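Q: Sequence first, then the predicted structure:
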Amino acid sequence: MQGKNKTLKSIIGVALSNCTTIVSGLVVGFLIPKILSIEDYGMYKTFSLYTTYIGFFSMGIIDGIVLDYGGKDYGQLKRSKFRSFFKWYIAVHAFFAVILTVISLFLSTSDYRFIVLMLGLDMVAVNITGYFQQISQFTQRFNEFSFRKVLQSLCNILIAAALYMLYKQGSEINYKIYVVALIATNCLLTMWYVYTYRDISFGRSEKMRDTFPEIVHLIQIGFPLLFANLCSTLILTLDRQFVNVLFDNATYAVYAFAYNMLSLVTVATSAISTVLYPTLKRVDLENIKNNYPILISVILSFVFAANITYFPLCIFVKWFLPKYTGSLIIFRVIFPGLAISSAITVVMHNYYKVLGKNFDYFLKSIVVLVISGIANAIAYTVFRTTISISIASIITMIFWYVLIEQYFVKAIGYDRKKNLWYLLIMLVAFYTVSAIPNEIAGFFVYGIVFTIVTLLIHRKTIKQILQMFSKNRK
């Protein structure tokens, strides 16, 4: 009972910190496109797109540490060994930062020279922060993790507000100013993390040559997980990659803005993902299996409930950012797909990690990535529209969901009919209701439909969750 209470408190704590991230996302997500030109916003979103890949430069070292040391408490970590790990981690990132700097010198356009150079700087800051965040997560130091997220969100709000004030005073805001401000914030937070974890970063350490075999081991076990994560990222970003390369910058800006609104919900689901893996590592196999159907039901229900925000967001965008109204049709297509991707990345992937099936997840993700590439290529070749690419992406996600979940059907006898039917019914319901031209009417109709479908299909799960909450209170 105490373990469940601790897990629930951890999820609530991270969720509360994510509330500030959601507020930050709202402020930044709507102020930045307001003050930047469409061309500049397109360049900023290009930079943002490629930052999703910078985790690759960690070479899987931190992923290997999570797999080897996940479930341990912070006091159990051997200081001298982790100080040596940190030296290796810094050396690897310094090497790749130099390579990116050299590459930037040979690029023909000043915008892309700037973007690649900034990616090099941001890669070092973000990955070092990620290194310590992973340690704080698997050692269950969630308060520390949550506080940093709150601080970063506040910094992002202050940057956006300051730039908006300059914009209102008549100043022209360039995307480069905003990117530099973001990277400066990331660097400050990184230095703070290094200071906080100075006892496992600095001091007497094992010699790097002595820990080299263990670093190789960490890369060997961590790189497949890293590459699986990268494949998942590529599956989720491949449509944007296609639009970024095949269409002009203004078209990409409008397309990327739709995903900008989508990120407001992904922040909330990450609260569960942050806590789930280290919690599952400490739970017996039987409970892990029993909890899987409930977790899938909760994630799907939560995201489809969040889909109701589509209707007020449409009204707001038409009023506040009329130049991005073209993104609403894309937003309508991709929004329900978030339920699919969240079920996979938040629940299924964590289960694959805990059950030691990382390589299986990796192979299946490779298959889906290839299919996604083919589907997007066909959509572009036949229709040459961004909407066709977004539809191809949703179809691929459904296939991804079924393929990844097949393991649980065979291995633990999971009956997926209920959750799969719920997913398909709610997809059809959202697309049907969102076709109503009046957003206010759509808001109420979707709310009613969601409530009825959820109560009919998940009434037993809802009772289980309510019983768990009542027990926790006692």
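A: Happy to help now that I have it.
Q: going forward, measure contacts and count neighbours with C-alpha atoms only.
A: OK.
Q: What ranges does the stretch 51-200 of the chain have for its helices?
A: Under the criterion DSSP state H, counting those that start in this stretch, the stretch 51-200 of the chain contains helices at 61-69, 79-105, 110-138, 142-168, 175-196.
Q: and the direction of the fourth one versus that of helix 175-196, what angle?
A: When you say that, I think you mean helix 142-168. Here the directions of helix 142-168 and helix 175-196 differ by 160 degrees (axes from the mean of the first three to the mean of the last three Cα atoms, to 10 degrees).
Q: on that earlier part again, Tyr361: which of the helices of the stretch 51-200 of the chain is closest?
A: Comparing the helices of the stretch 51-200 of the chain by their distance to Tyr361 (Cα to Cα), the top pick is helix 61-69, with 14.7 Å.
Q: just how off-centre is the closest one within its chain?
A: Distance, stretch centre to chain centre, for helix 61-69: 19 Å (Cα atoms, centre = their mean, to the nearest Å).
Q: Can you report how many residues lie near Leu26?
A: Other residues within reach of Leu26, judged by other Cα atoms under 10 Å, total 16.
Q: whoops, Ser232 was the one
A: Residues near Ser232, counting by other Cα under 10 Å: 23.
Q: How much space separates it from Asp40?
A: Distance of Ser232 to Asp40, given as Cα to Cα, to the nearest Å: 28 Å.
Q: one step back: would you format the helices of the stretch 51-200 of the chain as JSON lines with mean neighbour count, distance to Leu264 and mean pLDDT included?
A: Listed next are these as JSON lines, based on neighbours: other Cα atoms under 10 Å; distance: least, Cα to Cα, whole Å; pLDDT from 0 to 100:
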{"stretch": "helix 61-69", "mean neighbour count": "21", "distance to Leu264": "26", "mean pLDDT": "86"}
{"stretch": "helix 79-105", "mean neighbour count": "18", "distance to Leu264": "30", "mean pLDDT": "93"}
{"stretch": "helix 110-138", "mean neighbour count": "20", "distance to Leu264": "20", "mean pLDDT": "91"}
{"stretch": "helix 142-168", "mean neighbour count": "17", "distance to Leu264": "13", "mean pLDDT": "85"}
{"stretch": "helix 175-196", "mean neighbour count": "17", "distance to Leu264": "18", "mean pLDDT": "92"}
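Q: Which among those helices is found nearest to Ile452?
A: helix 142-168 (34.9 Å).
Q: how far is that closest one from where the chain is centred?
A: Distance, centroid of helix 142-168 to centroid of chain: 18 Å (Cα atoms, centre = their mean).
Q: try stretch 40-56
A: So, by Cα atoms, centre = their mean, the centroid of stretch 40-56 is 14 Å from its chain's centroid.
Q: Now it: buried residues?
A: Within stretch 40-56, the residues scored as buried using 16 or more other Cα atoms under 10 Å are 40-47, 49, 51, 53-55.
Q: next one: stretch 434-452
A: 434, 439, 442-443, 445-447, 450.
Q: ok, now stretch 207-224?
A: Buried, per 16+ other Cα under 10 Å, within stretch 207-224: 208, 211, 214-215, 217-224.
Q: again with stretch 242-256
A: In stretch 242-256, counting by 16+ other Cα under 10 Å, buried: 242-244, 249-256.
Q: pLDDT for these - can I get that in a markdown table?
A: Below are the buried residues of stretch 242-256 laid out as a markdown table (pLDDT from 0 to 100):
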| residue | pLDDT |
| --- | --- |
| Phe242 | 94 |
| Val243 | 95 |
| Asn244 | 94 |
| Asn249 | 93 |
| Ala250 | 93 |
| Thr251 | 94 |
| Tyr252 | 95 |
| Ala253 | 95 |
| Val254 | 94 |
| Tyr255 | 94 |
| Ala256 | 93 |
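Q: could the helices of the stretch 51-200 of the chain be laid out in CSV, adding distance to Tyr407?
A: Converted to CSV, those look like this (distance: least, Cα to Cα, whole Å):
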stretch, distance to Tyr407
helix 61-69, 20
helix 79-105, 34
helix 110-138, 25
helix 142-168, 30
helix 175-196, 38
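Q: how about those, which one is nearest Cys19?
A: helix 142-168 (8.5 Å).
Q: so where's the stretch 351-474 of the chain shaky on pLDDT?
A: Where the stretch 351-474 of the chain drops to pLDDT under 70, the residues are 465-474.
Q: Let me know the closest of the buried residues of stretch 40-56 to Asp199.
A: Of all the buried residues of stretch 40-56, Asp199 sits closest to Gly55, with 24.3 Å by Cα to Cα.
Q: I'd like the distance between the closest one and Ala184.
A: Gly55 is 19 Å from Ala184, by Cα to Cα.
Q: what do you get for Ile387?
A: Ile387 sits 36 Å away from Ala184, taking Cα to Cα as the criterion.
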